[in-house]
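J.: no letters, just coordinates:
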């Protein structure tokens, strides 16, 4: 009986064990099926990334489309200001053909006017720009353009060789430091480990060694000096480092070009007396040859042809216009009239080119320097100055706008009185100017918000492309998918708002302003329509800004969804920061007490004050999660993987 009980008990235990095993298998199968169903219901990471990319594209288009509306609004505002100025010009006592001060004109408008006048004299054959009596009158920027085009022409002909400089001092200090810094970065990109705070010392020491050398310097010389300095700091082989600096060869050529251009400008400035194309060619050739000590001086000089000659003529024309503008700016009141302006331009041409007849030149200027042209530049300057000052008004009241325009008219023409000018302008027009200016401000504010949001989305895209997301669980993927879906909805709503409501409001105002300018007046109905459009714009830009902030939260949530809940703490001093040139992130070595090597992923790592994450020598405290890749080196062939910081704060 005891044996039977024992057997029965054993059989019962076995039976229960088998049942429990079957239950476990069933539960496991059920759980696995639940997981499969859950995973099947959630898009893959690749699908989420694709949807996020679509959202990024829509966000970029939103900014592009908004920019087009801003341009259209600016055109409408210019139309309405032009109408106001046209009306103001009819005021008693206002002479739109009068010009009391050339210096009060918009500088770009005045310069273009003078350039046209100089070109018209050249076209008429009464003046030429083949020589200049004082090269110092040519603006430095134009001399730099001349030297740059001459160098381009010489390089194309093969006469100029950039493989060496006669002496290291032929390379400008800034160009040399830039070359050395790019070499250090190239070496680090190719795997050389160098603490960031030592980079400056290496460059400084290499520059010091090079500046102490005499005789010809080529790219290999600079690579060897920099390689030696890097080797002394890192302990790596100078030969190995030299092999990491292949990019410095082309960089050296760019530095030599900087030296040639700087020397050429100095050489041109030092030419005394009348300077013609031959003198310029000789100066450019001498500067080039003395910089490199390569090639044939005569070959270099003869390589400068029509491109260089055209650049010289443009430079001389700029010099003539600059002198004329300076002379005209000193004239005011009755001494500034059509005849005096023509004479100043003619004198500038004859005195600076040493050629031509003043009477003939002045006679040829009638097509470009006449009452109509003066009235045009005065009016254009009044409009330009008004548009520039409108956003700075304390309030966009009718009175403030009329006084602004009236003040500009009196300043430039020297005629009229403020009350009379204000009375000649329709209050309706001023009201519309105020409404469109407000619209312009609203669109500008929205543009700033959308630009910031696009930056956040770009950061999110960087985070989504990280290899650290490759092992996300279903919960994380689901959360990320919700965030991206919300982001798509947000940017889509903004796109709809821009293409419908905002576009309609701007189009309405644009149509009204064009019609008003053509008819010469504005109605009360026009004012009402513009005010309605402005109100709509204010409401819709606020709505879009709110949507954008919602999108920002979704971008942030998407980045945070990349964590699978297994974040671990780290903390210590940042000893070394290395930029991974291909993957665009940073490898940071952190000392104790809880140190290691971690990845900082811009857009994927949330950084807290004092935000000194890329500065070595600061203390870091944060959390790290799954792995991120550091990709760098030639053809991006080097791959390393380290834990990615999810959040981090820094000391000052």
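T.: That came in fine, so what should we check first? What you see is a predicted model; the values in this text were computed from it and never measured.
J.: nearest residue to the most centrally placed residue in the chain in space, please, no chain neighbours.
T.: Nearest to the geometric centre of the chain sits residue 451, at 12.5 Å (C-alpha atoms, centre = their mean). Of all residues not flanking residue 451 in the chain, residue 63 sits nearest, at 6.5 Å (C-beta to C-beta, 6 or more residues apart in numbering). Where you see a C-beta, it was placed from the backbone N, CA and C, and this is true even at glycine.
J.: any idea how far residue 443 is from the residue nearest to the centre of the chain?
T.: Here the distance between residue 451 and residue 443 works out to 12 Å (C-beta to C-beta, to the nearest Å).
J.: same check on residue 511?
T.: Separation of residue 511 from residue 443 (C-beta to C-beta) stands at 17 Å.
J.: quick one, which of these two is more surrounded?
T.: The neighbour comparison of residue 511 against residue 443 (other C-beta atoms under 10 Å) goes to residue 443, with 23 against 12.
J.: for whichever helix in the chain runs longest, the averaged confidence score.
T.: Secondary structure of the chain per DSSP state H: the longest helix is helix 45-88. Averaged over helix 45-88, pLDDT sits at 90.
J.: make 417 the first number, not 1, from now on.
T.: That works, and once the first residue is 417, the last one we named lands at helix 461-504.
J.: after that helix, heading C-terminal, what element do we hit next?
T.: helix 523-540 (DSSP states H and E).
J.: ok, then the element right after that following helix?
T.: strand 547-548.
J.: returning to that earlier point: quick check, the residue nearest to residue 867 in contact with residue 868.
T.: No: assessed by C-beta atoms under 8 Å, residue 479 is found out of contact with residue 868, at 10.7 Å.
J.: which of the two has more neighbours?
T.: residue 479 (17 against 13).
J.: contacts only, for that one.
T.: 863, 866-867, 870 (C-beta atoms under 8 Å, 6 or more residues apart in numbering).
J.: same question, residue 1008
T.: residue 988.
J.: my guess is it is in a strand, correct?
T.: Yes: Residue 1008 forms part of a strand when assessed by DSSP: H, G, I helix; E, B strand; the rest coil.
J.: domains in the chain, as residue ranges please.
T.: 458-498+807-978, 575-718, 984-1066 (automatic domain parsing).
J.: and the one helix or strand residue 744 maps to, what does it pack onto?
T.: Using DSSP H and E, the element containing residue 744 is helix 722-745. Counting contacts by 3 or more C-beta pairs under 8 Å, 6 or more residues apart in numbering; DSSP states H and E, helix 722-745 packs against helix 523-540, strand 547-548, helix 556-573, helix 693-708, helix 754-769.
J.: part of a strand, is residue 1013?
T.: Yes: secondary structure of residue 1013 (three-state DSSP): part of a strand.
J.: could you count how many residues lie near it?
T.: Using other C-beta under 10 Å, residue 1013 is surrounded by 15 other residues.
J.: you'd agree it is up against residue 1006?
T.: Yes: counting by C-beta under 8 Å, residue 1013 touches residue 1006, with 7.3 Å between them.
J.: and residue 634, how far is that from residue 641?
T.: Relative to residue 641, residue 634 is positioned 11 Å away (C-beta to C-beta).
J.: meant to ask about residue 961
T.: Distance from residue 961 to residue 641, by C-beta to C-beta: 54 Å.
J.: more neighbours: the two, which one.
T.: Using other C-beta under 10 Å as the criterion, residue 961 and residue 641 rank with residue 641 on top: 21 against 18.
J.: next, count neighbours for the spatially closest residue to residue 921 that is not a sequence neighbour.
T.: Closest residue in space to residue 921, ignoring its immediate chain neighbours: residue 949 at 4.1 Å, by C-beta to C-beta, 6+ apart. Under the neighbour criterion other C-beta under 10 Å, residue 949 is assigned a count of 24.
J.: likewise for residue 677?
T.: 24.
J.: remind me which residues of this structure are low pLDDT?
T.: 417-459, 611-613, 875-896, 965-983 (pLDDT under 70).
J.: which residues in it form strands?
T.: Assigned by DSSP state E, the strands in the chain fall at 547-548, 580-581, 633-634, 691-692, 984-996, 1001-1010, 1012-1016, 1022-1024, 1035-1048, 1054-1066.
J.: would JSON lines of the ones you listed with distance to residue 766 be doable?
T.: Shown next, in JSON lines, are those (distance: least, C-beta to C-beta, whole Å):
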{"stretch": "strand 547-548", "distance to residue 766": "12"}
{"stretch": "strand 580-581", "distance to residue 766": "42"}
{"stretch": "strand 633-634", "distance to residue 766": "47"}
{"stretch": "strand 691-692", "distance to residue 766": "16"}
{"stretch": "strand 984-996", "distance to residue 766": "59"}
{"stretch": "strand 1001-1010", "distance to residue 766": "63"}
{"stretch": "strand 1012-1016", "distance to residue 766": "65"}
{"stretch": "strand 1022-1024", "distance to residue 766": "64"}
{"stretch": "strand 1035-1048", "distance to residue 766": "62"}
{"stretch": "strand 1054-1066", "distance to residue 766": "66"}
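J.: what about those strands, which gets the closest to residue 712?
T.: Nearest to residue 712 among those is strand 580-581; the distance by C-beta to C-beta comes to 15.2 Å.
J.: can you list contacts of the closest one?
T.: 587, 632-634, 672, 675, 707-710.
J.: please apply the same query to stretch 939-954.
T.: Where contact means C-beta under 8 Å, 6+ apart, the residues beyond stretch 939-954 that reach it are 844, 847-848, 851-852, 854-855, 858-859, 917-918, 920-922, 924-925, 928, 932.
J.: many thanks, we can stop here.
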